[in-house]
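Asks: Give me a 3D structure for the following:
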Amino acid sequence: MLYLPELTLLFMALVFFVVSLGNLKESRLRSLGLLLSAIAVIASVYSYGLNGSLFFDAYRVDAFSQLFKVIITFGLFIVIYLGEGLYGIDDTLRPEYYLFLTISAFGLVSMSSAVELITIIICLEISSFALFIIIPFRKKGAYREQMEAGIKYALFGVAASGITLYGMSYIFGMTHTTYLADLMKIIPGIILKKPLMLIGLVMLLSGFFYKLALFPMHFWAPDVYEGAANETSSFVATLPKVAAVALLIRLITLAGAEVGQFTWVMMIFAVLSMTFGNLSALVQTDLKRLLAYSSIAHAGYLMIGLLCVSELGYLSGIYYIAGYLFMNLACFFVIYHLAPQGENISFDDLTGLYKRSPLMALTLAVSAFGMAGIPPTIGFTGKLFIFTAAIKKDMYALVILAVINTGIAIFYYLKMVRAAYTSVDEQLSPLNLRVSTSVLGIFFIIIIILLGIFPQGFIDFAKEAVAAVI
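Replies: The predicted model follows:
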């Protein structure tokens with residue numbers, strides 16, 4: 001029972017492997033994916049209250065890991081549920097696409113429970129290699145550079161993994177253990193005495209910066225988002241970041257709360273990530289490239305909460321990444337339905353959207369308001385929690401820079417809304433949405449606003465999760 005969510009995902013991957021040997025219709029394939037991913041969500045929720053250790057204490061099941069498993073499996077369900085079919089994926093590769101998507105989700109779920117360095121790197125590689133494979137699965141003709149995007153993602157991933165392993169070797173050499181529980185006892189006492197420990201920690205975190213698209217491991221994001229299929233981009237843009245936050249919270253606690261040098265290095269990365277991401281997003285016309293630079297900026301905001309090394313900081317980080325998952329998937333939901341052939345979407349394609357589909361325009365507006373941090377959305381409440389945690393730690397300069405960056409971000413998010421609600425003279429064909437599609441759009445609108453107004457229910461779960469770590 002402790003391993004139930006992972007076993008469910010492994011069974012799901014096995015089913016899609018068998019299906020890939022046959023010739024199942026697209027509609028049945030998607031229905032099968034929805035059914036199995038829904039079962040994975042149920043399994044994660046069912047096993048939420050369980051506690052224990054597996055694999056010689058290298059794998060911990062607690063409230064912290066189980067909360068992230070629920071978020072990741074639910075995110076996988078939404079990614080599969082985004083539309084009526086895999087518009088942007090090559091017809092002959094769709095069973096394999098679901099197979100590798102499931103394997104990547106299995107790696108991310110496993111990352112949230114890994115509490116030993118070698119186990120962490122194995123889970124990271126399982127997730128990454130599955131994504132290396134599916135990024136070039138994009139339908140030919142929809143975009144020409146999908147192979148280039150796949151190669152860039154693989155090369156950056158390999159480089160990040162190499163740096164992470166090198167950092168692990170430093171840490172192991174000085175502590176003679178790979179278990180996080182033992183490292184938490186040793187590292188705070190020696191990090192100020194041995195500068196190599198600080199270097200090793202920063203190098204160790206680089207693999208998770210890569211998943212989070214945090215400066216300086218962010219260069220892959222714009223090209224990969226743009227070159228991958230819309231369905232793949234929605235997965236890459238959200239779920240790996242959720243797992244990266246889970247591991248970053250576990251790893252940042254290793255350094256201790258009073259380590260000034262480590263905190264300053266991470267603060268510099270956070271500020272550079274926010275500033276570079278927002279300034280670069282200002283000049284983008286392709287929506288997926290804009291969301292890529294936006295994700296780089298959001299990684300900077302997120303790091304502020306985690307660097308507070310406090311209960312409120314961790315709570316704000318978990319709440320923020322959950323909100324980011326819904327807001328970003330809502331944007332990709334709109335992009336997906338505006339591109340029936342899987343093509344990329346620009347601002348020009350948004351023109352007159354409020355006439356073609358009022359629900360789509362409202363979904364885009366609510367998600368853009370959320371990511372801009374406009375009340376009463378979950379994005380506003382998340383930023384409020386993060387800034388409050390930072391102020392309590394006297395990080396005033398960091399909060400001021402983050403607020404300035406938030407002001408910059410509002411410009412390009414509202415530019416999306418303005419484009420969607422701009423009138424045009426010519427007659428535009430309406431978007432005829434299925435009932436299931438409309439239900440998902442309404443869900444995004446409600447969840448982004450409702451969690452923003454009433455965050456306490458989720459915060460209570462997050463408190464229980466954080467208590468298991470600190």
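Asks: make it CA atoms for all contacts and neighbour counts henceforth
Replies: OK.
Asks: Can you list the low-confidence ranges for the stretch 1-150 of the chain?
Replies: Residue ranges of the stretch 1-150 of the chain with pLDDT under 70: 140-144.
Asks: ok, now with 50
Replies: For the stretch 1-150 of the chain, the stretches flagged by pLDDT under 50 are 142.
Asks: Can you list the residue ranges for strands in it?
Replies: Along the stretch 1-150 of the chain, the stretches classed as strands by DSSP state E, counting those that start in this stretch are 52-54, 59-61.
Asks: Including distance to residue 89 and mean neighbour count, could these go into JSON lines?
Replies: JSON lines is the format used below for these (distance: least, Cα to Cα, whole Å; neighbours: other Cα atoms under 10 Å):
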{"stretch": "strand 52-54", "distance to residue 89": "37", "mean neighbour count": "13"}
{"stretch": "strand 59-61", "distance to residue 89": "35", "mean neighbour count": "22"}
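Asks: I'd like to know which of those strands is closest to residue 226.
Replies: Closest approach to residue 226 among the strands of the stretch 1-150 of the chain is made by strand 59-61 (35.5 Å; Cα to Cα).
Asks: How about residues contacting that closest one?
Replies: The set of residues external to strand 59-61 that reach it, using Cα atoms under 8 Å, 6 or more residues apart in numbering, is 2, 50, 51, 52, 53, 54, 113, 114, 115, 116, 119.
Asks: residues in contact with the third one?
Replies: In other words, residue 51. Going by Cα under 8 Å, 6+ apart, residue 51 touches 2, 60, 61, 62, 63.
Asks: and of those, the nearest to residue 154?
Replies: Closest to residue 154, out of all of the contacts of residue 51 and judged by Cα to Cα, is residue 60, at 29.0 Å.
Asks: picking that back up, adding distance to residue 433, write the contacts of residue 51 out as TSV.
Replies: As requested, the contacts of residue 51 are exported to TSV (distance: Cα to Cα, whole Å):
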residue	distance to residue 433
2	40
60	43
61	41
62	41
63	38
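Asks: so which of those would you say is closest to residue 321?
Replies: residue 63 (16.9 Å).
Asks: follow-up on the earlier one: now, which of the contacts of strand 59-61 lie within helices?
Replies: Those of the contacts of strand 59-61 mapping onto helices are residue 119, per DSSP state H.
Asks: which stretches of the stretch 101-250 of the chain form helices?
Replies: Remark: helices assigned in the stretch 101-250 of the chain by DSSP state H, counting those that start in this stretch are 117-134, 146-175, 180-190, 195-212, 221-227, 230-236, 239-255.
Asks: so how far is residue 286 from the closest residue to residue 145 other than its chain neighbours?
Replies: Distances taken as Cα to Cα, 6 or more residues apart in numbering place residue 227 nearest to residue 145, at 5.5 Å, with adjacent residues excluded. Computed as Cα to Cα, to the nearest Å, the residue 227 to residue 286 distance reads 11 Å.
Asks: What of residue 374?
Replies: Applying Cα to Cα to residue 374 and residue 286 gives a distance of 23 Å.
Asks: Please apply the same query to residue 274.
Replies: 20 Å.
Asks: swap in residue 107?
Replies: 30 Å.
Asks: which of these two has more neighbours?
Replies: residue 107 (24 against 17; other Cα atoms under 10 Å).
Asks: nearest residue to that one other than its sequence neighbours?
Replies: residue 127 is the one closest to residue 107 (Cα to Cα, 6+ apart), at 4.4 Å.
Asks: Identify the residues contacting that neighbour.
Replies: 103, 104, 105, 106, 107, 108.
Asks: Can you lay out the residues you listed as TSV showing distance to residue 443?
Replies: As requested, those are arranged in TSV below (distance: Cα to Cα, whole Å):
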residue	distance to residue 443
103	27
104	25
105	22
106	25
107	27
108	25
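Asks: now, among these, which is nearest to residue 465?
Replies: residue 108 (17.3 Å).
Asks: Which residue, other than its chain neighbours, is closest to that closest one?
Replies: Counting by Cα to Cα, 6+ apart, residue 108 lies nearest to residue 243, which is 5.5 Å off, once chain neighbours are set aside.
Asks: how close does that neighbour sit to residue 116?
Replies: On the measure of Cα to Cα, residue 243 and residue 116 end up 15 Å apart.
Asks: For stretch 408-419, give me every contacting residue.
Replies: 278-279, 281-282, 347-348, 350-352, 361, 364-365, 368-369, 371-373.
Asks: brain fart, stretch 440-459
Replies: With Cα under 8 Å, 6+ apart, stretch 440-459 has contacts from 82, 315, 319, 323, 326-327, 330, 333, 359-360, 362-363, 366-367, 370, 375-382.
Asks: Using CSV, write out every CA atom in that stretch.
Replies: Listed next in CSV are the C-alpha coordinates belonging to stretch 440-459 (Å, rounded to 0.1, in the frame of the first residue of the first chain):
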residue,chain,number,x,y,z
LEU,A,440,-12.6,21.7,-17.9
GLY,A,441,-12.6,25.4,-18.8
ILE,A,442,-15.1,26.2,-16.1
PHE,A,443,-13.1,24.1,-13.6
PHE,A,444,-9.9,26.2,-14.3
ILE,A,445,-11.8,29.4,-13.8
ILE,A,446,-13.4,28.2,-10.5
ILE,A,447,-10.2,26.6,-9.0
ILE,A,448,-8.0,29.6,-9.8
ILE,A,449,-10.4,32.0,-8.1
LEU,A,450,-11.7,29.8,-5.3
LEU,A,451,-8.2,28.7,-4.1
GLY,A,452,-7.2,32.4,-4.2
ILE,A,453,-10.1,33.5,-2.0
PHE,A,454,-10.2,30.4,0.3
PRO,A,455,-6.6,29.1,0.6
GLN,A,456,-7.0,27.7,4.1
GLY,A,457,-8.1,24.2,3.1
PHE,A,458,-5.1,23.6,0.9
ILE,A,459,-2.8,25.3,3.5
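Asks: average pLDDT for that stretch?
Replies: Averaging pLDDT along stretch 440-459 yields 90.
Asks: Burial check on the residue nearest to residue 4 when sequence neighbours are not counted, number of neighbours?
Replies: What sits nearest to residue 4 in space, not counting adjacent residues and going by Cα to Cα, 6+ apart, is residue 43, at 6.2 Å. When neighbours are counted by other Cα under 10 Å, residue 43 registers 22.
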